[in-house]
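Undergrad: sequence first, then the predicted structure:
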Amino acid sequence: MWIDFKLFFKTIVLVIAMLSSVAFADEANLTWAQLTDTQRQVLNPLAAEWDTLRPWQREKMLDIARDYPKMDADKQALVKKRLSNWSRMTPYERENARKKHQQFQALPAEKKSELRQKWQEYQKLPESERARLRAESPDTYTDADLN
């Protein structure tokens, strides 16, 4: 009996890919009640809106929850802060944040580095000076994280 191993291998890869996409699709459709205690603990700031999130948003949040235990304490605190901030944003603010993130990611590495440096300098300013700058140029000076 002759077996085309190349075809057999391709078939196996295709079946695995199909099964994994079904698993991801199922995971993305989990309700808040179906999440594990650990997932709910990490994603708690999103509890009220979890069941209204789009599947791709749920997948992203579940990825964060999966990686959370592997993070150091500082990174975990940053994730909690960002999830909390995100949960308080309006849909309009979220869309603007996504656009700004995409614009930042599209920048050359040198420009990203320059902006991060400026951000660090801004954060070192006294709060009164930062408030003045925000009042003078609200589009330029926001308290977003550039990490």
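TA: Noted; the coordinates are in hand.

Undergrad: low-confidence ranges in the protein?
TA: Within the chain, the stretches with pLDDT under 70 are 1-26, 141-147.

Undergrad: quick test: name the residue nearest the centre of it.
TA: By C-alpha atoms, centre = their mean, the chain has its centre lying nearest to K60, at 6.1 Å.

Undergrad: quick check: it vs R66, distance?
TA: As judged by C-beta to C-beta, to the nearest Å, K60 and R66 stand 11 Å apart. Where C-beta positions appear, they are placed from N, C-alpha and C, glycine not excepted.

Undergrad: off-centre distance for stretch 127-138?
TA: Chain-centre distance of stretch 127-138: 28 Å, with C-alpha atoms, centre = their mean, to the nearest Å.

Undergrad: make that stretch 95-111, sorry
TA: Counting by C-alpha atoms, centre = their mean, stretch 95-111 comes out at 14 Å from the chain centroid.

Undergrad: any idea which element Q39 lies in?
TA: Element membership for Q39 (DSSP states H and E) is helix 37-42.

Undergrad: residue boundaries of the helices in the protein?
TA: 5-28, 37-42, 55-67, 73-88, 91-106, 109-124, 127-136 (DSSP state H).

Undergrad: turn those into a markdown table, including distance to A48.
TA: Output for the helices of the chain, formatted as a markdown table (distance: least, C-beta to C-beta, whole Å):
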| stretch | distance to A48 |
| --- | --- |
| helix 5-28 | 19 |
| helix 37-42 | 12 |
| helix 55-67 | 13 |
| helix 73-88 | 8 |
| helix 91-106 | 14 |
| helix 109-124 | 30 |
| helix 127-136 | 29 |
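
Undergrad: skip the chain neighbours and tell me the closest residue to L107.
TA: L115 (7.4 Å; C-beta to C-beta, 6 or more residues apart in numbering).

Undergrad: wait, I meant M71
TA: Nearest to M71 is V79, by C-beta to C-beta, 6+ apart, at 6.8 Å.

Undergrad: so what's the gap between the helix holding Q39 and the chain middle?
TA: For helix 37-42 - counting by C-alpha atoms, centre = their mean - the centre lies 16 Å from the chain centre.

Undergrad: ok, the residue nearest to M71 - contacts?
TA: 42, 64, 68, 71 (C-beta atoms under 8 Å, 6 or more residues apart in numbering).
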